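Undergrad: from the sequence below, what's the structure:
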Amino acid sequence: MEKVNVMGKKIFISYKYADDQVKNLVQGENSTVRDYVDEFEKKVDSSDDIFKGESDGEDLSDLSDDTIWESLKDRIYDSSITIVFISPGMNETGKKDRDQWIPWEVSYSLKETSRKNKKGDSVTSHSNAMLAVVLPDEDDLYTYYLESKSCCSGGCTTHHTDRLFTIIKKNKFNRTENASKRTCDNDNTIWTGTCSYIEAMKWSNFITDYQKYVDSAVDRQDNIDEYNICKEV
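TA: All right, here's what the predicted structure looks like:
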């Protein structure tokens with residue numbers, strides 16, 4: 001299969017803008033996830049378009065689905081790739097998924113949506129390619145989500161999916177065709193290779209070669225029928 005180059009892509013970034021439980025990008029200056037978004041934007045090819053998600057603390061609990069969609073539709077409809085920034089304080093304690101922005105942004109990224117173009121013709125968007133970037137915590141560690149284990153001879157990595165929103169969790173380890181698995185020494189099942197529609201990688205790896213990871217997400221999008229996709233919050 002021919003690789004699709006990332007140049008000229010429209011990228012939507014879903015993130016918890018005010019989360020400051022992340023490693024400071026500049027010593028002595030308190031960073032938030034928004035600073036990581038800005039850092040990524042510096043790396044992106046000038047031919048790419050960046051659409052940012054949450055930008056304020058608007059309470060969603062009293063908003064209808066239609067109102068939320070009106071707020072997001074232009075940015076998400078025009079994008080083809082959604083990148084979710086995973087951070088320690090992303091999921092607010094005591095708040096339902098429906099009352100937070102990220103689950104809705106993921107949901108609308110995955111749904112096929114029809115809109116009228118300037119000629120009045122109906123145009124349907126496809127499910128976006130998706131990936132998740134795990135940001136380092138305040139101690140420069142990723143173990144709050146990605147934790148290396150030595151429970152078997154081959155080694156493995158535990159994904160702490162309990163930290164995720166449900167819609168993201170359900171799109172992890174959801175490959176139903178051509179999935180590769182093995183059994184760990186403790187009889188747990190270990191997924192190998194590409195096993196999730198929303199694959200996750202460390203920020204340190206992503207930022208050095210983001211095009212590789214975006215291209216891989218597009219490959220998964222091309223084979224989306226091999227995954228059991230959850231699209232609802």
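Undergrad: mind listing the strands for the chain?
TA: Remark: strands assigned in the chain by DSSP state E are 10-14, 49-52, 81-86, 114-116, 122-124, 129-134, 146-149, 156-159, 180-183, 189-192, 199-202.
Undergrad: dump these to TSV, plus mean neighbour count.
TA: No exception for glycine: its C-beta is placed from N, CA and C like everyone else's. Formatted as TSV, the strands of the chain follow (neighbours: other Cβ atoms under 10 Å):
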stretch	mean neighbour count
strand 10-14	23
strand 49-52	16
strand 81-86	26
strand 114-116	10
strand 122-124	9
strand 129-134	24
strand 146-149	13
strand 156-159	16
strand 180-183	11
strand 189-192	14
strand 199-202	18
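Undergrad: in CSV: the ones you listed, plus mean pLDDT and distance to residue 26.
TA: Shown next, in CSV, are the strands of the chain (pLDDT from 0 to 100; distance: least, Cβ to Cβ, whole Å):
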stretch, mean pLDDT, distance to residue 26
strand 10-14, 91, 20
strand 49-52, 72, 21
strand 81-86, 96, 18
strand 114-116, 58, 41
strand 122-124, 58, 43
strand 129-134, 97, 19
strand 146-149, 87, 24
strand 156-159, 86, 29
strand 180-183, 76, 41
strand 189-192, 78, 37
strand 199-202, 97, 20
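Undergrad: in CSV: those strands, plus distance to residue 167.
TA: CSV is the format used below for those (distance: least, Cβ to Cβ, whole Å):
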stretch, distance to residue 167
strand 10-14, 11
strand 49-52, 19
strand 81-86, 10
strand 114-116, 21
strand 122-124, 21
strand 129-134, 11
strand 146-149, 19
strand 156-159, 15
strand 180-183, 23
strand 189-192, 19
strand 199-202, 14
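Undergrad: nearest to residue 221, of the ones you listed?
TA: strand 129-134 (3.9 Å; Cβ to Cβ).
Undergrad: partner strands of the closest one and their direction?
TA: Sheet pairing here is set by DSSP bridges, and for strand 129-134 it gives strand 81-86 (parallel), strand 199-202 (parallel).
Undergrad: what distance separates the last one from the middle of the whole chain?
TA: By that I understand strand 199-202. 9 Å (Cα atoms, centre = their mean, to the nearest Å).
Undergrad: ok, residues contacting it?
TA: Strand 199-202 is contacted by residues 86, 131-134, 136, 142, 145-146, 159, 172, 213, 216-217, 220 when judged by Cβ atoms under 8 Å, 6 or more residues apart in numbering.
Undergrad: and the gap between residue 102 and residue 163?
TA: Per Cβ to Cβ, to the nearest Å, residue 102 is found 12 Å from residue 163.
Undergrad: can you list residues touching both of the two?
TA: Going by Cβ under 8 Å, 6+ apart, residues that sit against residue 102 and also against residue 163 are residue 90.
Undergrad: contacts only, for the most centrally placed residue in the chain.
TA: Of all residues in the chain, the one closest to the mean position by Cα atoms, centre = their mean is residue 84, 2.7 Å from it. With contact set as Cβ under 8 Å, 6+ apart, residue 84 has these partners: 13-15, 102, 105-106, 130-133, 168, 198.
Undergrad: many thanks, I have nothing further to ask.
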